[in-house]
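# Kindly return the folded structure for what I paste below:
(chains A, B and C)
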Amino acid sequence: MNSSDAIVQLRGVSRYFGGVTALDNVNFSCKAGSIHGILGENGAGKSTLIKILSGVLGASEGQILNNGKQVSYRSTAEATADGIVCIFQELSLVPDLTVAENIFIDQPPRRMGMIDNRKQRQMAVELLARIKCEDVDPDAHIRELSLSRRQMIEIAKALAKNPRVLILDEATSALTSNDVETVYDLMNELRADGVACIFISHRMKEVDALCDRLSVFRNGQHIQSFDKGGLNETEIVQLMIGREITAQYPPKRSTPIGETTLSVSSLRWENSLKGVDLQVNAGEIVGLGGLDGQGHKELLLGLFGALRGMTGEITFQGGTYKPSSPAQSKRQGLALVPEDRKTEGLMLEMSIGDNILLPNYKSVSQAGVINGRLANEAIAKAIELLQIKVGSADDPVETLSGGNQQKVVIAKWLMLNPDIILLNDPTRGIDVGTKQEIYRLMRDLVEAGKSVLLYSTDYAELIGCCDRVCVMYDGRIVSELEGDTLTEEAIVAASLNIHKDDPA
Amino acid sequence: MTFLSFSKPADRPLLIALLTTLVILMVGTAYTLTTQGTAPLLTPSYLLQQLQIGSFLGICAAGMMMVVLLGHIDLSVPWTMTAAAMMATSVGGPWAIPAGLSVGLAVGLLNGFGVSFLRIPSMIFTLGVDSVLRGLMVAHTGGFAPQTKASPLMRYLAADTFLGIPVAIFVWAFVSIVIAAILTKTGFGKSIYAVGVKEGAAYLSGIRTRRVIIGSFVASALCASTAGVLLAGYSAKAYQDMGTPYLLPAIAAVVLGGTHILGGRGRYLGTLIGATLIVFLNSVLSIMQMPESYRQIIYGVVIITMLLVYGRGKQN
Amino acid sequence: MIGKLKATVLRNRGFTGALVLFAVLFITYQSIHPRGFSTAVLVQNSNEVVALAFVAIAQTIPVLIGGLDLSVGAVMTLTNTIASHVVTGTPMQMLLGAVLTLGAGTMFGLMNGLIVVYGRIQPIIATLATGAIAIGLALILRPSPGGDIDGDLNWAATNAVFDFAETYGFADNGNAAWIQPFVNIPVPLIILLVVALGVWLPFKRTVTCRTIYAIGSAEGAAHLSGLPIARAKIAAFTLAGFFAACGGLYLAIQTSSGNADLTQAGTYTLNSIASVVLGGTSLMGGTGGPIGSMIGAFILRIISFFFRILSIDPLLQPLIEGLVLLVAVSLGALRTFRVKNKLGLFR
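Predicted structure coming up:
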């Protein structure tokens, strides 16, 4: 493709976050009047790419060209003014404003300087008709709409800005199949009008059906671009995976599996869990695989007592277990290392010692008063066990590196000596050395007869660490992989819900 | 002596507040030296007398801090004080003080329930409770100053001296030690900070956040009722609206002491300094015979200026 | 059509609830009033509600962004004392004085907004401090209650339309045929509605106002949508200053004087918060509006009118007011029991 027919183009673009490279010298271009699919695993750099294109982030290095002109956007508003509009995964809708107000939120039609509500409403009705959402009341508040409908309104909001480049980041993931069809038709229409659509989706079939051209990203690098039909599904999966395993994993189970620790059957909650069956045994690391948003987070939170109205049977340590609150789950012998250590796991501005002691004050108190000696001993022991690199235990946790922060989260739970520890992507964004220490630690725990339930977005990690991996898709466990069947291809195939009889 | 150290950057507000307090005393002394040629501000008897009057505010501020650390606020302080004082004087005798404190306990439990279980913003729930208490007290007293008198023990605690030092200061010191110990030496205290920083994360750490919230509101109401009982002892009786002048200064003392109004950060020492600052600011303005109008303006300007200075420190 | 109405009602549950409560209270009040429905009573009641209604409207706008303005009562008091000095003389001078009064309140609100946005001080504590400053200024202007606002203006503004017309000698001294349908409407109510709707309805149709709601509802989404956040916050406090000044100006005209009453300022601030909540605006921001708060203020006041006519011990008044407030907010809190993901409770 030569640069003249490219509407947007990236030349040697890199983006660093601290020491982490999110995008590495990327050259990429996209033609007007085409639909361009972007593929890659979690963390391959797709999100960073579109954030740079749409003005949310700046590039650390390299050039961005729009219609041959070099640009650098400082805000989404600037990118929008230049015709680049992005539909973000995290919704940008205001729940307490109406549909019409949201669609035209920053550029409403005006008359004599005032917002022209009638015209705005009428324009909204037209747009809603275009996306076949005639059933949506333009005066309804976003709060009243289903997630699927909100996603459609998000698309309408983007269309209202008359984009020349439209970026859809997983914009179809929450949609019903009817709406997905509508969006496909719409994208075909836009293509005919000369708009460039950049389409990111985990649904392989969608991408295959819709896109004219595909680009595969991996580890922040642009691996290859090819026209539709250039490669088959197996080859694409290969391209997405094809990296060497960099981390070393400890040897797998040497002791036999013990008794069943936790057994879950037909667990349901809202729209996220649709009948989960799962068993975790003593001495076993069980992995949860699959793409983001398939119900892992809810499963772990639900087991830890943070969800209300969950139905299904749970047995824990041989008895019926009804999770009611984290405090109770903690007493029963469960621990949860939550998804976001910065907002859910740690009190960043509090000291390392205070964070480690947070769930453990009972064990270091006498008659309700903290025994300073016991507390210091406990902190010192935890720091030593996890080899947390600290200057002083009185320093705020925020002064630590990401890896050491995560160790603090794990340390505070290990002090309770739980029977099962639930981990939600504990190694995200931390360095290889610390990762290995965490793997070693998990293995030590199960060797001592405990159980571990690990959700990870890193497939290599699941394969390297886990004795067994359950892959979730749409609120269910769709596949259980163990021993020889536990391969990266099998996980990827299962998480894309490609059936085993497909050539994957 | 970690209690008295100012080594961390977060303690800058404390240091600034302490220096401001000293500046206020110096300005006051300079004023009296030039106008009267004496320095009454620096005499121990005067300082002790000011601290005696300031102890009511100091105790209120101590309780308020427990709630502010959670990121909440307790607007029911005025009538909790008044109700405790009125109940104490109407019961009288040896049961006067327990009667006053049980008012505090009941109010604290109610506030805590509304905020933690119903999750009503504390601002509005405590406001409603304040109004209900006011209604109950007005109905109880018929809207007049109650004729009942403070018990001798109340008189002793608030107005007498021990070893030449007003007993009220000992009470303030006792409350201070208890609150400081709770905040630094108990799991409950540490949990208050945790809930104030990030309630969701505290909850996921297995902390019983509802109990923590209720406990803090009880502490606040107990402090307010203690202050009310003392104030009634000091004035020998309870009177309508006696708590109202203490609400805003208590909040100001907490905030000037470096406690973040959104919760999670602050040391008790700061609140102590903040309360002292306001007490001495008051006495210096009294000595200068500053009219109420200028006093109000000075309060406002001091609070804004100090918070702007604290904020600047954070950016650097 | 019915479905549409039902949806609108459901969407504004808080407001509708307030409206129904007010209607019930008002009809009950009028039907049991010993003198029945009369213009005199209506006029008197209207006079008592206007200042609070203005202050409640003022409070609403900072609350919509998830903030709080503890200075509204103080600004009302300050502008009340300003008005007691400048609203005198010829009609032209009085008009100028009124503009000056409103301008002063607006500037004070602007200052609040600038401190909150650029000084990065939490609204609640910033306005606590500026409220003290406003009271101080008010005390300087009026160390003791006083002032002499034109008697005609007082009479005209605090009575029915007929008296207004008679005072200023238009519409055939209020006897013209065209004015007859309106002669019994209290002027204070007209002032309140004209100012409140006249400012709010046009403002509602600006992106700035839209941003105010968006900030309170989801600040992150507002930011992603490229809305002018700083401008909206400043505007919220500025408007609060303006409406508080309207309250102060009216109070001055109504009482023909200015009074720097510290206790009264505090009471007005607290009642304004109560009115906002009763009127269906969430203290978390994002939902509700000033018209609801106006109704909320009506409810608060009408409760006190009941004590007058039912010869209930007026001493019970604060008790009942407090209970009404607690019950109202507790009803609003019932939704927390429907939250499925408990982490959602913590926001």
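# From C:Val195, how far out is the closest residue to chain A within the stretch 1-150 of chain B?
Nearest to chain A, among the residues of the stretch 1-150 of chain B, is B:Ala10, at 8.1 Å (Cβ to the nearest Cβ). C-beta here means a position set from N, CA and C on the backbone, and glycine is covered the same way. Using Cβ to Cβ, to the nearest Å, one obtains 47 Å as the distance from B:Ala10 to C:Val195.
# Same check on B:Ser216?
Using Cβ to Cβ, one obtains 42 Å as the distance from B:Ser216 to C:Val195.
# Show me which parts of stretch B:235-248 are buried, residue by residue.
Counting neighbours by 16 or more other Cβ atoms under 10 Å in any protein chain shown, one finds that the buried residues in stretch B:235-248 are B:Lys237, B:Ala238, B:Tyr239, B:Gln240, B:Met242, B:Gly243, B:Thr244, B:Tyr246, B:Leu247, B:Leu248.
# and what of stretch B:145-163?
Of the residues in stretch B:145-163, those buried under the neighbour-count criterion (16+ other Cβ under 10 Å) are B:Pro146, B:Thr148, B:Lys149, B:Ala150, B:Ser151, B:Leu153, B:Met154, B:Arg155, B:Leu157, B:Ala158, B:Ala159.
# Now do residue 269: how many residues are near it, please.
Just so you know, I chose chain A. Using other Cβ atoms under 10 Å in any protein chain shown, A:Trp269 is surrounded by 22 other residues.
# please go with chain C instead
By the other Cβ under 10 Å criterion, the neighbourhood of C:Thr269 contains 27 residues.
# which ones are touching it?
C:Val55, C:Gln59, C:Leu70, C:Ser71, C:Val72, C:Gly73, C:Ala74, C:Gly131 (Cβ atoms under 8 Å, 6 or more residues apart in numbering or on different chains).
# Can you report phi and psi for it?
With angles defined as degrees, to the nearest 10, C:Thr269 shows backbone torsions of phi -60, psi -50.
# residue contacts, the residue of chain B found nearest chain A?
With Cβ to the nearest Cβ as the measure, B:Gly187 is the residue of chain B nearest to chain A, at 2.6 Å. When contacts are counted by Cβ under 8 Å, 6+ apart, B:Gly187 is found next to A:Leu357, A:Tyr361, A:Lys362, A:Ser365, A:Gly368, A:Ile370.
# The same query, at a cut-off of 10 Å, please.
Residues near B:Gly187 by Cβ atoms under 10 Å, 6 or more residues apart in numbering or on different chains: A:357-365, A:368-370, A:375, B:194, B:207, B:212.
# any low-confidence regions in chain A?
Residues of chain A meeting the criterion pLDDT under 70: A:1-4, A:18-20, A:42-43, A:89-90, A:173-174, A:202-203, A:242-247, A:254-255, A:429, A:499-504.
# Okay, domains of it per the record?
The record, using automatic domain parsing to delimit domains, assigns chain A the ranges A:3-241, A:246-333+A:418-504, A:344-417.
# can you map out the strands along chain B?
Taking DSSP state E as the test, the strands found in chain B are B:161-162, B:165-166.
# Can I get the ones you listed in TSV including mean pLDDT and distance to chain A?
Written out in TSV, the entries for these read as follows (pLDDT from 0 to 100; distance: least, Cβ to the nearest Cβ, whole Å):
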stretch	mean pLDDT	distance to chain A
strand B:161-162	84	28
strand B:165-166	89	28
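# Tell me which helix or strand the residue nearest the centre of chain A sits in.
In chain A, the C-alpha nearest the mean C-alpha coordinate belongs to A:Asp292, at 4.2 Å (Cα atoms, centre = their mean). Following DSSP states H and E, one finds A:Asp292 outside all helices and strands.
# you'd agree it is up against A:Arg428?
No: counting by Cβ atoms under 10 Å, no contact exists between A:Asp292 and A:Arg428, whose distance comes to 11.1 Å.
# Where does the stretch 401-504 of chain A get nearest to chain C, residue-wise?
Of all residues in the stretch 401-504 of chain A, A:Asn424 sits closest to chain C, at 12.7 Å by Cβ to the nearest Cβ.
# Grab the nearest non-local neighbour of that residue.
Spatial nearest neighbour of A:Asn424, chain neighbours left out: A:Glu339 (4.2 Å); criterion: Cβ to Cβ, 6 or more residues apart in numbering or on different chains.
# just to revisit the earlier point, of all the strands of chain B, which lies closest to C:Thr206?
In this view, these are compared for proximity to C:Thr206 by Cβ to Cβ, and strand B:165-166 is the closest at 58.8 Å.
# For that closest one, report the contacting residues that lie outside it.
B:44, B:48-49, B:51-53, B:55, B:157-160, B:172-173, B:234.
# ok, residue 160 - contacts?
Here I'm looking at chain A. A:Val85, A:Asn102, A:Ile103, A:Phe104, A:Ile105, A:Gln107, A:Pro108, A:Met123, A:Ala124, A:Glu126, A:Leu127.
# Let me rephrase: I mean chain C.
Taking Cβ under 10 Å, 6+ apart, we find C:Ala160 in contact with C:39-40, C:42-43, C:46, C:166, C:174, C:182-190.
# Quick one, which of those residues are buried?
Using 16+ other Cβ under 10 Å as the burial test, these include C:39, C:42-43, C:46, C:166, C:174, C:183, C:185-190 as buried.
# out of these, which are inside strands?
Cross-referencing the buried ones among the contacts of C:Ala160 with the strands (criterion: DSSP E) gives no overlap at all.
# For chain C, give me the ranges with low pLDDT.
C:1-2, C:335, C:347.
# cutoff 50 now
For chain C, no stretch has pLDDT under 50.
# Going by neighbour count, which residues of stretch A:312-319 are buried?
So stretch A:312-319, judged by 16+ other Cβ under 10 Å, has buried residues A:Ile314, A:Phe316, A:Gln317.
# before we move on, what about stretch B:217-227?
Neighbour count says stretch B:217-227 has B:Phe217, B:Val218, B:Ala219, B:Ser220, B:Ala221, B:Leu222, B:Cys223, B:Ala224, B:Ser225, B:Thr226, B:Ala227 buried, by 16+ other Cβ under 10 Å.
# pLDDT and distance to chain A added to these, as JSON lines?
As requested, the buried residues of stretch B:217-227 are exported to JSON lines (pLDDT from 0 to 100; distance: Cβ to the nearest Cβ, whole Å):
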{"residue": "B:Phe217", "pLDDT": "97", "distance to chain A": "19"}
{"residue": "B:Val218", "pLDDT": "97", "distance to chain A": "15"}
{"residue": "B:Ala219", "pLDDT": "96", "distance to chain A": "14"}
{"residue": "B:Ser220", "pLDDT": "96", "distance to chain A": "19"}
{"residue": "B:Ala221", "pLDDT": "96", "distance to chain A": "20"}
{"residue": "B:Leu222", "pLDDT": "96", "distance to chain A": "17"}
{"residue": "B:Cys223", "pLDDT": "96", "distance to chain A": "19"}
{"residue": "B:Ala224", "pLDDT": "95", "distance to chain A": "23"}
{"residue": "B:Ser225", "pLDDT": "96", "distance to chain A": "22"}
{"residue": "B:Thr226", "pLDDT": "95", "distance to chain A": "21"}
{"residue": "B:Ala227", "pLDDT": "95", "distance to chain A": "25"}
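# mind listing the helices for the stretch 351-500 of chain A?
When secondary structure is read from DSSP state H, counting those that start in this stretch, the stretch 351-500 of chain A shows helices at A:352-357, A:361-364, A:372-385, A:402-414, A:432-447, A:459-465, A:488-495.
# Which among these is found nearest to A:Asn178?
Shortest distance between A:Asn178 and the helices of the stretch 351-500 of chain A, using Cβ to Cβ, is found for helix A:488-495: 24.2 Å.
# In the stretch 51-200 of chain C, which residue sits closest to chain A?
Counting by Cβ to the nearest Cβ, the stretch 51-200 of chain C gets nearest to chain A through C:Leu64 (9.6 Å).
# which residues does that residue contact?
Taking Cβ under 10 Å, 6+ apart, we find C:Leu64 in contact with A:96, C:209, C:212-217, C:232, C:236, C:276, C:281-282, C:284-290.
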